[in-house]
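Asks: My questions concern the predicted model and sequence given below.
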Amino acid sequence: MLTNYLQIAPPVLEALENEQPVVALESTIIAHGMPFPQNKETALRVEQLVREEGAVPATIAILGGQLRVGLSEEEIDYIAQKGKKVHKASRRDIPFLVAQKEDAATTVAATMLIAKMAGLTVFATGGIGGVHRETESKSMDISADLQELAKTNVVVVCAGVKSILDIGLTLEYLETHGVPVVGYQTNEFPSFYTRESGFNVDYRIDSTAELAKAIRMKWEMGLEGSVIVANPIPSEFEMPIGAIDQAIALALNEAKQQNISGKKITPFLLSHIKELTKGESLRSNIQLVYNNAKVAAQLAKSMANL
């Protein structure tokens, strides 16, 4: 039945049939996370880095109502140029966008779900969604990413949660729902633009081979859900904590004044922070995505070797 909706690109399908490593990649970062042409350049470079590490990239999106696993360069260019004119799809949106034959970029949650449908188990992104600041007192703004992480067997390699969010509450939510947070070569949970957050990870693991074994055992024992691999931004590309904290505070205040919330809040904040940091945050964002793609490809290889 899934074949009615799911279209897997030939290189990805061949890799899956031959049990070769594949890395899922999201498309919201292309359409809603960065401006053109940096978004296209970044997406193509991420795919190339995955190939250089010996894995096959599979960028995921919805095009013409089809769930697409693996995009051509022309299709990536199409999404990059349309940008925010492309829908932003989470789990709840998928059936309606498919029924209406729409185009959409997939969030972390939607990418995980479609990756699982296709048989992919490793996914690289920038940062996951989480619990927004002031949620406990003013709203219930909690990303659908967290629920997907709790129930979908796809490993997510990321640089932590986006630092515009409440990291402490996000980690508490993940603990409650049984999602392990593993620090890759770090004891501290990274904070997207910086390597430090003041919060510890559940476990530190220093090799993808060791990590692959633990993930396989988790799923073999029937323990459903993701594993978050928290992979810090390389130190040479991280931003000063004071500067990024100040920019986040100003961006949050501006969002509050403009009554921006829901799906629009994260793209607004990231764009505003980029302006406030004169582009430094975007450069850091791109580098952490590259770093996550490399580690995800190495992990996919280790899991394929099992």
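Replies: On my side now, so go ahead. Numbering: from 1, shown residues only.
Asks: all contacts plus neighbour counts: C-alpha atoms, from now on.
Replies: Noted.
Asks: What is the burial count for Glu236?
Replies: Per other C-alpha atoms under 10 Å, the neighbour tally for Glu236 reads 8.
Asks: Please shift the residue numbers so they start at 506 in all later answers.
Replies: Got it, the first residue is 506 from now on, which makes the last one we talked about Glu741.
Asks: got a list of what it touches?
Replies: By C-alpha atoms under 8 Å, 6 or more residues apart in numbering, the contact list for Glu741 is empty.
Asks: Apply 10 Å and report the result again.
Replies: Ser789, Gln792 (C-alpha atoms under 10 Å, 6 or more residues apart in numbering).
Asks: so where do the strands sit in the stretch 506-655 of the chain?
Replies: Taking DSSP state E, counting those that start in this stretch as the criterion, the stretch 506-655 of the chain carries its strands at 511-513, 527-530, 561-568, 571-574, 592-594, 609-611, 627-629.
Asks: Please convert those to a markdown table, extending it with mean neighbour count.
Replies: As requested, these are exported to a markdown table (neighbours: other C-alpha atoms under 10 Å):
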| stretch | mean neighbour count |
| --- | --- |
| strand 511-513 | 18 |
| strand 527-530 | 30 |
| strand 561-568 | 27 |
| strand 571-574 | 24 |
| strand 592-594 | 23 |
| strand 609-611 | 30 |
| strand 627-629 | 28 |
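Asks: wait, which of those is closest to Val555?
Replies: strand 561-568 (5.9 Å; C-alpha to C-alpha).
Asks: picking that back up, tell me which of the strands of the stretch 506-655 of the chain lies nearest to Arg700.
Replies: Short answer: strand 627-629, nearest of these by C-alpha to C-alpha, at 17.6 Å.
Asks: Point out the other helices and strands that the closest one packs with.
Replies: strand 527-530, strand 561-568, helix 613-623, strand 660-663, helix 785-810 (3 or more C-alpha pairs under 10 Å, 6 or more residues apart in numbering; DSSP states H and E).
Asks: Walk me through which strands that strand pairs with, and which way each runs.
Replies: Pairing partners of strand 627-629, with direction, according to DSSP bridges: strand 527-530 (parallel), strand 660-663 (parallel).
Asks: Kindly reformat those as JSON lines containing mean pLDDT.
Replies: Shown next, in JSON lines, are the strands paired with strand 627-629 (pLDDT from 0 to 100):
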{"stretch": "strand 527-530", "mean pLDDT": "98"}
{"stretch": "strand 660-663", "mean pLDDT": "98"}
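Asks: Any regions of the stretch 706-811 of the chain where pLDDT drops low?
Replies: Applying pLDDT under 70 to the stretch 706-811 of the chain picks out residues 767-768.
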